[in-house]
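J.: My questions are about this predicted structure, shown below with the sequence.
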Amino acid sequence: MTKWWQWAVVALVGGFVISGLIPRSSGPMNWEGLGSVPVLHLGRVKPIDTVARATLLSFKGSQSLASMTPVVHSPTEWLVTVMLYGTDDMPLFMVRQSEVLNALNQNPESKPVLSFKSLLPYLSVIDTAAQHANSKPSGMRTQADREWMRLRQNLSFYTQLKNTAQPEGVPSFSVYATRYQAILPTYRPHLMAHLSGESVDGGMGELVLYFKQFQHIANASAFRMCPPDSPNGVWKSVGDGYLVALKDPTPHPVAPLITAVLAAVDEQNPMAFNRAVTQWQQVAHRLIPTDTLKSRIECQLNQGDVMMKWLMVYGGVSCLVLIGWLWPTPWVFTLATRLAWLAWIGHTVSIAVRMALLGRPPVTNLYTSAVFVGWVAILLALWIERRSRMGLGTLVAGIVGFLTLLIAHHLSLQGDTMEMMQAVLDSNFWLATHVVTICIGYGAVFLAGALANVGIVRLVIGRMDPTMKSSLTRMVYGTLCVGLLFSFIGTVLGGIWADQSWGRFWGWDPKENGAFIICVWVAAVLHARWGGMIRERGLWVMAVFGNVVTAFSWFGVNMLGVGLHSYGFMDQAFFWLMVFNATQLIVMWLAFWPRLFTR
Amino acid sequence: MALIIRRLVAILSSLQLTVVLLIAMGTLVFVMTLSQVETGIYIANQRYFGQALIKWQSPWGDIPVFLGGGVIGGLLVINLLVAHITRFKWTRTKIGLWLTHVGLLVLLIGSGWSAIQTVESQMVIQEGQTVSYSEHLRTLELAIETPLTPTQNRLWSIPDALLTPGQVHRHPQLPFELAITHWYPNTRLEINATVGQGLPKATHGLGKTITVFPMPPILRDDFRNQSAVLVTIRQGRQPLGTWLFSNGLGAPQPIVVNGKTYAIALRPQRVYHPTRIRLDQFSHSYYTDTNTPKHFSSAVTVIEPDGHAHRATISMNHPLRTGGNAYFQASFGQDGKSTVLQVVSNPGWWVPYVSTAIMTIGLLIHFGISLVRYRRKTP
């Protein structure tokens, strides 16, 4: 009787999440279609939508388009607006460093988002400061240095964007482009003669004018939109797409379509817009079918924002179990567990789709590590729940899922999460073995810590029957064993990788130290347990501290002020890491509440 | 006495000591990681692992505050050995633990040995060039070279550790002796400086116009200090003059004694290899429109001591192993026409492989047994 409605709830939640993936049109113009078209940006083929989102994130630290004038409804629409008219008045550039803000005559307290226009008078100041910062060795740069460099890079990318599809300040570019194609046949004999060295007396003036415009946007282009049109071809910018027509009979098929799309936006002509988008999609599909399909999927994932929804489901699962503990009703636990499994399956599918899109193992950067560590911990927690059926495993699965996906969400705000791999990391074999194993280790140690956290808090605020308590202790112990095993094997595999690529097994670099500390800590906990030095409380407390150790190894070492990812976000992240550590220390202290472990 | 020994053995074999040492080791590595931000990995490693005691430089002198990494590791080895000899029970269920500990012993002892044996250096080769030596990153040498035959030079080398003021270096086959007058680990060299009149100066060679401004050495992994040494060269009791040598000066300076030319330079310490390497071609690629390297590799020809030559390719994650050395693609020159190879000679390279394999098997067996028990206990 209870069964069918539970399954109905599960199906309903699943349907709600999946419905986000169904393309929805938001008006007469097919912006979604345009967003899914593949382009080449920073070495990776990705949909325009991803370029737009990553650019917004990099400029203003969020994808939000609210309170922007002119009003735009999607990142893609914003990007096209920039390429067409520029958005010099729009507040786009977030500056965080007070030193930088003072130099720009801005009040650091107001946390301003500045427009290109307001930054114009300071371009040379920014340029000088960024060059100065750039000349320093990377380890010596201050936060202000990094902020200057970031600002300069963003401003230069913005300027490039305005000159990607057409030259800045030429709204009627499509007229020129059409004229160029029309006059080409007439001029081609002249041109051929000129190229073969004959002197040509005049007559090419008009062509030279267009040539210069295309040359300009070919040089300034921010990303490449014309896919390779032959087996050994390369991606071309719009400018180059037009310039090939000097030799080939026609321009690259995509170049005029891009011009048509922009012209249709300028004229507010949805019919022409949709026709050009469809044609562009067809050409892309003909030239690079696989990449086009992948781009479409990636675009759907961007818009569906599934991970955020699974995060909510995990949060809901935790609440359900807590309700079940307050008002004991058996169906609450089964429903919560079923929902947790649903979210975990969705989580799995997301990871799998990502792996298929990139052709990579699950973990390639910090963002994916958060998603994967959560996935491992949840799987282990749900397995524990299957064996013990007390709601503990489900609760922990919900909490861990919620927290790791929350971390992942914030990490994803740093930019494109599918960036290309550095040459040294470009090894699917080692990514699949070392990185995955070490993440399983992190996941298990975190799970042990989470179980102990839940145990301690529950003991403080309520009661726990002895079977549950001893069963929880066994879970913590077993999970720590799994954690040690995988952390150790992962660390060893990392050593072997290092030995294969640098000739040294171990070099005491911060990331290696982090892994080492985890292994040593868990080994210490287990030995203390075997030696009878700690009992239930000791094991729980030490498992909680394992969270602090693992958090340091996972994130702390990335915050040591070295490397590319240590600006802005990491300052904030450091604060949250400290908050996390503080909560863990408080929980450890709570465990020493009198008579907690004797009754 | 027997009581004391028994007590000592009890302490040394105790699990309490194990736990204390493990936590101490973790703490030490944590503090070392933090200090790497300031000093770089190499110096931090020396400070925390190279000494028996870690000292705090207080206003009242150096106060030892913690055990060095080597000592903690050594104590762990002793703890493990004594525990296994005195109180370990040989039962079937303990075989996993036993294997893990044997592996750990091999690892601890072996890595200590291999740390002493390993020699790391770098080899920079231009396209078309054949190179027979590699250079140390951190140590310098004062090298004195003179032609022996048209194709071969004779070389004397004084490591920088011996370039301390007051030291006099002589060799039966050298017609002169070198008296070190000044040594600066890091300097700023200035030509025709208007300040710094009182600073010691060379009387001969390039250094005549150069003033040496001593600087505090910078302790960073990616920074090479510009060291300088002032040397008075004497023939018998007769001083020939004082020269300045620095790794910042580039080409060696010629000194003529008894009609023979000796080229002297302060340069990164070299390791000569019987196997020579020629760079045929260096190739690299970036991801389109980025500065992220996608791939880089060196096509080389390996010339064995017997003159036998064969081709090889060295790339990221694909080193070349030959003549007891391993050559790794480390970096490349700005122009894209030269390669930087990391040359590692490590006779103990197998230690971590063997030991960690044993440990992994041990852990798998032990936790496998635990897992089976856990599944039996919970219905």
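T.: Nice, thanks for sending it over.
J.: thought A:Tyr180 was touching A:Tyr210?
T.: Yes. The pair A:Tyr180 and A:Tyr210 passes the contact test of Cβ atoms under 8 Å, sitting 4.3 Å apart. C-betas here are computed from N, CA, C, even on glycine.
J.: Now list whatever residues contact both of those two.
T.: Taking Cβ atoms under 8 Å, 6 or more residues apart in numbering or on different chains as the contact rule, A:Tyr180 and A:Tyr210 both touch A:Tyr242.
J.: give the contact list for A:Leu335.
T.: Contact analysis of A:Leu335 by Cβ under 8 Å, 6+ apart lists A:6, A:9-10, A:320.
J.: and if you look at A:Leu357?
T.: A:294, A:297-298, A:418.
J.: how about the strands in chain A?
T.: Assigned by DSSP state E, chain A shows strands spanning A:38-41, A:44-47, A:91-94, A:113-115.
J.: Point out the most buried one among these.
T.: Neighbour counts (mean count of other Cβ atoms under 10 Å in any protein chain shown) averaged over each of these peak at strand A:38-41, with a mean of 25.
J.: Mark out where each domain of the chain begins and ends.
T.: You didn't pick a chain, so chain A it is. Under the assignment automatic domain parsing, the domains of chain A span A:43-162, A:173-295, A:421-590.
J.: Oops, wrong one, chain B.
T.: Domain segmentation of chain B under automatic domain parsing yields B:2-117+B:350-377, B:120-130+B:272-345, B:138-271.
J.: could those domains go into TSV alongside mean pLDDT, distance to A:Arg275 and mean neighbour count?
T.: What follows is those, written out as TSV (pLDDT from 0 to 100; distance: least, Cβ to Cβ, whole Å; neighbours: other Cβ atoms under 10 Å in any protein chain shown):
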stretch	mean pLDDT	distance to A:Arg275	mean neighbour count
domain B:2-117+B:350-377	86	58	16
domain B:120-130+B:272-345	87	30	17
domain B:138-271	88	55	16
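J.: Tell me which of the ones you listed sits nearest to A:Val522.
T.: Evaluated over those, closeness to A:Val522 peaks at domain B:2-117+B:350-377, with 9.5 Å, by Cβ to Cβ.
J.: right, and A:Asn513 touches B:Thr27 too?
T.: No. Using Cβ under 8 Å, A:Asn513 is not in contact with B:Thr27; the gap is 11.7 Å.
J.: so who does the residue in chain B that chain A sits nearest to touch?
T.: Nearest residue of chain B to chain A, counting by Cβ to the nearest Cβ: B:Tyr287, 2.5 Å away. The neighbours of B:Tyr287, taking Cβ under 8 Å, 6+ apart as the test, are A:42-44, A:420, B:294.
J.: what's the longest helix in the chain?
T.: Reading this off chain A. helix A:466-502 (DSSP state H).
J.: not quite, I wanted chain B
T.: Secondary structure of chain B per DSSP H: the longest helix is helix B:15-49.
J.: Quickly run through the sheet partners of the helix or strand just after it, with directions.
T.: Next along the chain after helix B:15-49, taking DSSP states H and E as the criterion, comes strand B:53-58. Using DSSP bridges, strand B:53-58 pairs in its sheet with strand B:61-67 (antiparallel).
J.: Counting neighbours, which of the contacts of A:Leu357 comes out on top?
T.: Ranked by neighbour count (other Cβ atoms under 10 Å in any protein chain shown), the contacts of A:Leu357 have A:Glu298 at the top, with 23 neighbours.
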